[in-house]
Each structure stands twice: as structure tokens, then as C-alpha cells.
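*Asks:* sequence first, then the predicted structure, then my questions.
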Amino acid sequence: MSQKLIKTDVALVGAGIMSATLGALLRQLEPTWSISLFERLDAAAAESSDPWNNAGTGHSALCELNYTPADADGNIDAAKALGINEQFQQSRQFWAYGVDNGLLGAPDEFINPIPHVAFCHGQAGVDYLRKRQEALAGNVLFEGMEFIDDDAEFAARLPLMAAGRDWSDPVGLNWYTEGTDVDFGALTQQLLNYVGRDSNLYFGHEVRNLTQQSDGSWVLKIRNLRTGEDLRVEAKFAFVGAGGGALHLLQRSGIKEAKGFGGFPVSGEFFRCTNPDLIAEHSAKVYGQAAVGAPPMSVPHLDTRVINHEKGLLFGPYAGWSPKFLKTGGVMDLPKSVKPSNLLPMLSIAPKEFGLLKYLIGELSATGADRVKTLSEFIPRATGGDWEMITAGQRVQVIRKDPNGMGGNLEFGTAVVAAQDGTIAGLLGASPGASTAVPAMLNVLAQCFGDRLAGWTPKLTEIIPSYGQKLNDDPALFRQLWDWTNRSLQLTAAG
């Protein structure tokens, strides 16, 4: 049987939010380029981008306390929160441009206004939230953030969390009305509908190997899982946006930039509310404080979701562990990722991350009653009968080789891995992930198409008006762009 040959300028591996975003950007920047996308599953956004596999928070550091750590003296470090919020503003602008220019359809299918709320109980937690609000609210990116420690106001805004609460335990909130809930599955599908107008999208196609040719181009060996047919794809540029599957493919590519990277998989589960009365009683994304040793993606939160125009309610995540790198992956994913170049970095993690390991062991041994007890910190009258357990998406945290030693460091962000010649790139890691897909893909463009970036800058500035700027340094520009994105995305203020 002759092997099918496909020649393309750009090959995108994976049909999640990252590949969809990069494809849409390249379609705008270079409309004559051919783009081909390959996804091993039968649908777009079926792994981490699926709305039930993530919290859809629209991470902008409004409520995530791990982005505003306090030092020993109680001083708040707001630098990371400011950086992540800046990144999310770029995503908002890209989406607003997409709606205005026909790349995207109805915005209420993928983004809806929901308050973002940070929640602490106990006097130390309340004092921390007071200082956090003082540190953030003076920045235009966090303008309007409120500090609330009045019990009656708490009850008025969060009645589900107030009912049955012991008010002798002080409670506090940082409240930001104009947060968002994002259905990254619907957003991905809309972006791929646009990319697919002039590109070929191949579902049920698994990339088995990548090999670089002498001219710098890449050959991808692909299996059509539906027919068993093998394809040979020749691409001038390849992007590996395969979520947890990206590490294996980058390792197979042989690029030196991928050497030394390892992955630590963390799975999770959520309680999904089945009681319509409870769902109707809560309208906010409320984030609490992480348990000692817990990774940032395991911060407990009570999340209002809007999926297919229907309101839902999630609580979690409850962390677990699996050697799989994808929800639909295999138990050999972790062992197969161990290579001579990353063995020592991976082995060095255990003694450094004892708190994390202790946390995971505790989570794995938790009973159903233990999980309801955790939920009751948010909803005092919670009963297990109002909730069902669902499995969330698999996350693979980055283990990066220490450049100054033989060990490695566990990272909880996202990392772009790009070859020096700019012909291939991939994305590793997790949170804040999808919310910062646009700046992540701008990073890919900068690393891989540096020779074209100057020529692209006018178009990129049209798509993302704050491109190359910090909005926190220009309050007038921020407010102008905030108003524009709110209008285009139809984000009327939530109550």
C-alpha cells in the first residue's frame, strides 16, 4: 500500500486551545500559508480544553491566592498576579477582535460574566485578604476589587456558603465583580471552525514520530486510527500542542532543547452539583487557600460554570495520581518519558517535594465522607447526595533540569520549548494554561519566527492593541481596551 503524502507549511499537533489559537493567529498573519492539524481523538478540545476537564476560570489572578504570596512579615508580592493579569488581557483582546472580525461566533457560547472571589476563614486568613486587596486594588488591572469581612454582606453575596455557617470563625472575601467563566471547549471549536475554512483538520489521526530533514523541515509519521492508513506529512514548521502528549513527541523529535525535561502527572476529580436549587443559589467563582504541599492546580474552589448556556456548579479539585499523561492515555506514559537526560532531574524531585507527596498520599486515602467534609468548609450544609464525582483532565507538571546542577525543579506554570532554528515548538505544563493561550502563542511566534516578527507587528497590534505594552503602566489605555472587550464579548457586569 502506498503511503499518503501531505505537504504543508504548518503542522499543528493536537486540537486543543493552544493549537487552535496558534492556527488562528497564523491564518491572520500569513493567509497564504497552508495549515494542517492532526488530532488522535475524534473531536476538538476533548482533553484538557474540554469544559468539564478544567475550571474555566479565565485565570487573571483575581481570585487565585497562590499568585499573591505573603512573606514572613505578611507583605504581599503582587508581581506574579500582575503578570498573569496582563497576559489574560491579551487573550480578551484577541477574542474581542475575533468576534468583531468574524473569526469567532456568539461570545456567550464561550465567555460569560461571573464574579471572581477569594475566600479565607480564620483571623490570619482575613488579615491576609485585607493586605492582598490593599496590594492589588491600587493597580488599574485590579481596580474595583473589594475587601469584605462583614458577615451580613458575605451572606447577601454568597447565600449558599453562608447558610449554617459558624460566624464565630471570621470570614473574609476579596470580591471582583467583572470576572469571567470561559468554556474553552466551545472557544476551541469556534477557533478551529475559522482555521478549518482554509485548512485541513484531521481527526482520528495519531502522530507517531517526528524527524527533521536536512533542509530543516519536518516529517511527521501519522497513523489514521480509523482506517489503519499511514501518512507521511512534510511540514516547514511543526507545533506540538498535544497537552500531556507533548513531552513524548518533543523527546522523539530529538531536539536538544527538550533534553532534561520530565513530567509529573497529577489527576483530579470534581464534585458536580446535581441539585438545581443549589446551583441557582450561587453565582461566583470562589477560590480558597491550598492545603500545605498542594500544587496550585489543586486550590479548592466552588465554581459557577456556564456550558451550553446552562448554569452548573463544581467543587474541587480532589487531587489524585495516575501515570497517564492524558486522560485517554496509557499507564506506560510516565515510564516511557524517562530518558537518560532527565533521569536525575526526575529522581531529585522526591526529596524536594515531600510536602506534595504527603498531600497526594492524603488525597488518595480520602474517603467520600472526607471529601464532603472538605466541601463543607465552603458549603456548611453540604450533603453528598447533592453531588456526583466526575474525573477532571490530566495535568503534567514540568520537571526542568537545573542548569547549574544535576538535579531538577518541579514547575507549575507553562513552558514553551522551541528548537533554536525555529522549525518546531511545543508547550509543556499546566496552570494558568488555557487562559493565557494567546501570550503563550505570541511567545511561540517570537521564538520561531523572529525574522518575520517586525513585519507582523502592525497586524499583531491590530489584533491585540496592548501588544508589546504593559497596561498596568497606562491606565487610560487599559480602560479603553477593557470597555472595548466588554462590548465585543457582551460582558455586562454580573451581580
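*Replies:* Structure received. Numbers count the residues shown, from 1 in each chain.

*Asks:* now the chain, which segments are flagged as low pLDDT?
*Replies:* Across the chain, residues meeting the criterion (pLDDT under 70) sit at 1-2, 291-297, 350-351, 354, 356-357, 359-361, 363-364, 405-406, 430-432, 492-495.

*Asks:* swap in 50 and give it another go.
*Replies:* Scanning the chain for pLDDT under 50 picks out 494-495.

*Asks:* ok, the residue most central in space within it - contacts?
*Replies:* Geometric centre of the chain, nearest residue: residue 433, 2.5 Å, by Cα atoms, centre = their mean. Taking Cβ atoms under 8 Å, 6 or more residues apart in numbering, we find residue 433 in contact with 48, 54, 59, 414. Just so you know, the C-beta spots here come from the backbone N, C-alpha and C atoms, and that holds for glycine as well.

*Asks:* and the strands in the stretch 101-250 of the chain?
*Replies:* Ranges of strands in the stretch 101-250 of the chain, per DSSP state E, counting those that start in this stretch, are 111-113, 116-121, 146-148, 171-176, 180-182, 200-203, 205-212, 218-224, 230-240.

*Asks:* winner for burial among the ones you listed?
*Replies:* strand 180-182 (a mean of 27; mean count of other Cβ atoms under 10 Å).

*Asks:* which strands and helices lie in contact with that strand?
*Replies:* strand 111-113, strand 301-307 (3 or more Cβ pairs under 8 Å, 6 or more residues apart in numbering; DSSP states H and E).

*Asks:* one more time with 6 Å, if that's ok
*Replies:* Contacts defined by 3 or more Cβ pairs under 6 Å, 6 or more residues apart in numbering; DSSP states H and E place strand 180-182 against strand 111-113.

*Asks:* could you measure from the closest residue to residue 165 other than its chain neighbours over to residue 166?
*Replies:* Spatially, and ignoring its direct neighbours in sequence, residue 165 is nearest to residue 380 (5.0 Å; Cβ to Cβ, 6 or more residues apart in numbering). Per Cβ to Cβ, to the nearest Å, residue 380 is found 7 Å from residue 166.

*Asks:* neighbour count for these two, which is higher?
*Replies:* Ranked by neighbour count (other Cβ atoms under 10 Å), residue 380 and residue 166 place residue 380 first, with 14 against 8.

*Asks:* quick check, that one in a strand?
*Replies:* No: counting by DSSP: H, G, I helix; E, B strand; the rest coil, one finds residue 380 to be coil, located in no strand.

*Asks:* from residue 486, how far off is residue 168?
*Replies:* On the measure of Cβ to Cβ, residue 168 and residue 486 end up 40 Å apart.

*Asks:* next: residue 401.
*Replies:* 43 Å.

*Asks:* three-state assignment of residue 369?
*Replies:* helix.

*Asks:* neighbours around the closest residue in space to it that isn't next to it in sequence, how many?
*Replies:* Nearest non-adjacent residue to residue 369, counting by Cβ to Cβ, 6+ apart: residue 384, 7.8 Å away. Burial measure for residue 384: 13 neighbouring residues, criterion other Cβ under 10 Å.

*Asks:* before we move on, what about the one 3 residues further on?
*Replies:* Applying the criterion other Cβ under 10 Å, we find 23 residues in the vicinity of residue 387.

*Asks:* and for residue 213?
*Replies:* Residue 213: 10 neighbours (other Cβ under 10 Å).

*Asks:* what about the strands in the stretch 301-450 of the chain?
*Replies:* Going by DSSP E, counting those that start in this stretch, the stretch 301-450 of the chain shows strands at 301-307, 310-320, 387-391, 395-401, 408-411, 414-418, 424-429.

*Asks:* so which of the contacts of residue 433 comes closest to residue 125?
*Replies:* residue 59 (21.1 Å; Cβ to Cβ).

*Asks:* what residues does the longest helix seen in the chain touch?
*Replies:* Ranked by number of residues, the top helix in the chain under DSSP state H is helix 79-100. The set of residues external to helix 79-100 that reach it, using Cβ atoms under 6 Å, 6 or more residues apart in numbering, is 60-61, 67-68, 104, 107, 141, 432, 435-436, 438-439, 463-464, 471-472, 485, 488-489.

*Asks:* likewise for stretch 208-219?
*Replies:* By Cβ under 6 Å, 6+ apart, stretch 208-219 touches 220, 221, 223, 234, 235, 236, 238, 252, 253, 421, 423.

*Asks:* from the chain's centre, how far out does that stretch sit?
*Replies:* 29 Å (Cα atoms, centre = their mean, to the nearest Å).

*Asks:* endpoints of it, how far apart?
*Replies:* 11 Å (Cα to Cα, to the nearest Å).

*Asks:* then stretch 197-211?
*Replies:* With Cα to Cα, one end of stretch 197-211 sits 28 Å from the other.

*Asks:* quick one: distance of it to the chain centre.
*Replies:* The answer for stretch 197-211 is 23 Å, by Cα atoms, centre = their mean.

*Asks:* for stretch 329-348, C-alpha coordinates in CSV please.
*Replies:* The C-alpha coordinates for stretch 329-348 follow below in CSV (Å, rounded to 0.1, in the frame of the first residue of the first chain):
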residue,chain,number,x,y,z
GLY,A,329,-3.5,8.0,27.7
GLY,A,330,-1.9,4.8,28.9
VAL,A,331,-0.3,3.6,32.2
MET,A,332,3.1,3.5,30.5
ASP,A,333,3.1,7.2,29.7
LEU,A,334,5.3,8.1,32.7
PRO,A,335,7.8,5.2,32.4
LYS,A,336,8.2,5.9,28.7
SER,A,337,9.0,9.5,29.4
VAL,A,338,12.1,8.6,31.5
LYS,A,339,15.3,9.1,29.4
PRO,A,340,19.0,9.3,30.3
SER,A,341,18.9,13.1,30.0
ASN,A,342,16.0,13.5,32.5
LEU,A,343,16.5,10.6,34.9
LEU,A,344,18.5,12.5,37.5
PRO,A,345,16.2,15.6,37.4
MET,A,346,13.2,13.4,37.9
LEU,A,347,14.7,11.4,40.7
SER,A,348,15.8,14.6,42.5
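
*Asks:* which parts of that stretch are buried?
*Replies:* 329, 333, 334, 337, 342, 344, 345, 346, 348 (16 or more other Cβ atoms under 10 Å).

*Asks:* right, I'll call it a day here.
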